[in-house]
Each structure stands twice: as C-alpha cells, then as structure tokens.
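Novice: Model the structure of this input:
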Amino acid sequence: MGWLKKNPEDNFNTNDIPSSLVLTLNALDRESIIIDTGGNIVFSTEKVSMLNLVKDERLSSQELLALVRVVRRTGTSREGSFEVARGPIGESKRELQITATLISDDGLVLVIIDDEGEKQRVDAVRRDFITNISHELKTPIQALSLNADAILEVKDEPEKVVTFANKIKLQTNRLNDLVREIINLSKLQDSDPMETAQEVEISDVIKEAIDQCESPAQVRKITINTDEVEESTVFGKREQLVMAVHNLVENAINYSPEGTAVTVSTKKNDNIIEILVKDQGLGISEENIERIFERFYRVDPARSRATGGTGLGLSIVKHVVGNHGGEVKVWSALGVGSTFAIRLPIAVTKGDK
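Specialist: Down below sits the predicted model:
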C-alpha cells in the first residue's frame, strides 16, 4: 500500500497523506474521513463536522467504529447504513450509507459517507405532502367558485355584490397564504440546510423575525418585547431560521388577545441556545399539544379562519429546527398562555475548547 509512517511510534497527521488523495477526496460530492488505529481523525472533508459523527477529533459513532475495526481486522472493504442524530438534542435523524476501506499497511481506514437515506426520506415526505395539499386546496377553491356564482345571481343588487366580492377577496388572501406556506415547506424538504451551512448569529435572526412581525402586531395592538437576547452563533441557513422564529412570533400574535404582549428571549444551557417566544393567549389543551406540529392541524379551526392561519406554520418550525439538529418544546396552560422554545446547538469550531 506504499506509504507508511517513518516511525511506528509516531502518529499520523494530515501532512502524511498524499496530496493527490486529499485533492481527490475534496473533489467528491460525498464526505470522507481517514481514521488511524487509535480512532483519531487524520483527515476529514469540510462538512463531516455537520454529520454528528466526530467529537474532539475522534469518531463518536460506536456503529462506525465497529465497522472500521472489522475492515482493519479482515483487510476487506465493508458497506453499511445506519441512523445518526442530526444534533445533540431532538429526535430528528438522518440515514447514512457508509463504505469503509483499508488504505495503508499501518491500519488507516478511509470512510466514504453518502446521505442517500435523506433523499429517500424527502421523496416519502413529498408524496405524503402532495396528498395533504390536494385536500387543503379544495376548501378555498370551492369557496371562490360558490361566491363567484352568487355574484352572477345578484349582479343587479350592488350591496350583495360587494358582500360576495369581499368574501372572494378573503378566500383569495387565504389561498395566497396557503400557497406561500406550501412553497416554503417544499423548499425546506428539497434541501438539507447543513449542506451549505454557515455561522448565523441568533440575535440577528431574532431582530429580523421581529421586524417582519411589527405590522400585524400593531394591527392587533400587541406589544413585542425582547428580553435577555444573548449573542450566540449556530450553524445553518439564516433565512430558514428567521422563518422559524417569525412563524412562532406571528403565531403568538394571532392567538393573543388585543392589548397583550409577546416576549422573545434567549437562554444558554450546556452549549444549547434556546429562543423563547411567550404569549398571553388562550393556551393549548394537553391533548392538542401533542398534535400542534402536524401539517394542517388546527387547534381551533374557526379561529384559524379568522386569523388567516394555514395550519402549516408550526410544522415549518419543527422541520427547520429538526434539520438544524435541534428541537422545539412547548409549555402551555389554558387561560394563561404558551411558551415555545427553539433549542439549537451552539456552533463549535475546531479552535473552540
């Protein structure tokens, strides 16, 4: 296999790997890791840190370590697939396809990682989503058709024409909102934000999300307070994180009585940043809390119609946060209000201790 350590007692480092191999691995559209006999990472491509496989420059996945040991013991390549958590918290997982190969006489093993499982999951979600969409679109379309027919029947009665025209305008707005949310959710399902992740400052995300909600808050005479917003950086897509926080703040505004307040704050705990959105609204019953993140689920359909709710906002929040390796929590009491918490892992770079 050609290239060996100069001294058996020395550890490998990236400089010991042929530059041609490094260039080849960096050119692939898959991630890769080279591991020495001590379980240390000798080389890894840029996005491996996003896959939750490595901690402190060592493999943290016991399944992958076991596969590497088999390859080293037998000298033959092995393939496998297993699920890994997207982050240190939350239930969101990704399925990885792994190929491991011995590449030196000194026991170096090359691991090639393919996220094919994510593509299969997205296809399944898309099929289910299309089924739901077809049902949800029927209601406003049927309402538009009925009101248009009604206008034709009362075309010589101006007052009734205005009444039905306003109903058409209301349904058109609902349809526009629904289509916008469908497009947003479709975009989220088509790509993994961690593939193009960048460092994102949470305080900037919160500021932008609140700015987007100022107008509806003023209309409903809701005050938005910011309390103890700390500086923290996470890995991800800024626009998706803004969308998630915006949806929570907008939801709090829509389901709060006029003249009350919505409070946005943050809290750090064990390398986790929490974004908290608290309202003084009607609260959510225990049986509904388990379902509020389902697509198109509405706790109060009548109130959703009044506020223009699509039933997709909280589903989008859960999807965004899960894809960023985090989780969403909610605490609520009827007649008291609700607090939603987006919990995300704080970005850790190689230079951090």
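Novice: Would you map the helices across this structure?
Specialist: 19-27, 62-74, 116-153, 158-190, 202-219, 238-254, 286-289, 301-307, 313-323 (DSSP state H).
Novice: any idea how far the last one is from the chain center?
Specialist: Think helix 313-323. Helix 313-323 has its C-alpha centroid displaced from the chain centroid by 5 Å (CA atoms, centre = their mean, to the nearest Å).
Novice: quick one, that helix and helix 238-254 angle?
Specialist: 150 degrees (axes from the mean of the first three to the mean of the last three CA atoms, to 10 degrees).
Novice: Just the C-alphas of helix 313-323, formatted as PDB.
Specialist: What follows is helix 313-323 as a C-alpha-only set of coordinates in PDB (Å, rounded to 0.1, in the frame of the first residue of the first chain):
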ATOM      1  CA  GLY A 313     -46.700  27.500  10.400                       C
ATOM      2  CA  LEU A 314     -45.700  25.200  13.300                       C
ATOM      3  CA  SER A 315     -45.000  22.300  11.000                       C
ATOM      4  CA  ILE A 316     -42.400  24.500   9.200                       C
ATOM      5  CA  VAL A 317     -40.900  25.500  12.600                       C
ATOM      6  CA  LYS A 318     -40.400  21.800  13.500                       C
ATOM      7  CA  HIS A 319     -39.000  21.000  10.100                       C
ATOM      8  CA  VAL A 320     -36.500  23.800  10.100                       C
ATOM      9  CA  VAL A 321     -35.300  23.200  13.700                       C
ATOM     10  CA  GLY A 322     -35.000  19.400  13.200                       C
ATOM     11  CA  ASN A 323     -32.900  19.900  10.100                       C
END
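Novice: between that helix and helix 158-190, what angle do the directions make?
Specialist: Using the same axes, to 10 degrees: helix 313-323 against helix 158-190 is 10 degrees.
Novice: Quick one: mean pLDDT for helix 313-323?
Specialist: Across helix 313-323, pLDDT averages out at 86.
Novice: Can you list the residue ranges for strands in the stretch 251-353 of the chain?
Specialist: 261-269, 272-278, 327-333, 337-345 (DSSP state E, counting those that start in this stretch).
Novice: which ones are touching residue 258?
Specialist: 220-222 (CB atoms under 8 Å, 6 or more residues apart in numbering). Just so you know, the C-beta spots here come from the backbone N, C-alpha and C atoms, and that holds for glycine as well.
Novice: which of the residues you listed has the most neighbours?
Specialist: residue 222 (24 neighbours; other CB atoms under 10 Å).
Novice: In contact with that one, which residues are there?
Specialist: Counted by CB under 8 Å, 6+ apart, residue 222 has contacts 216, 253, 256, 258-262.
Novice: Using JSON lines, lay out those together with distance to residue 313.
Specialist: Converted to JSON lines, these look like this (distance: CB to CB, whole Å):
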{"residue": "216", "distance to residue 313": "13"}
{"residue": "253", "distance to residue 313": "11"}
{"residue": "256", "distance to residue 313": "15"}
{"residue": "258", "distance to residue 313": "20"}
{"residue": "259", "distance to residue 313": "23"}
{"residue": "260", "distance to residue 313": "19"}
{"residue": "261", "distance to residue 313": "20"}
{"residue": "262", "distance to residue 313": "15"}
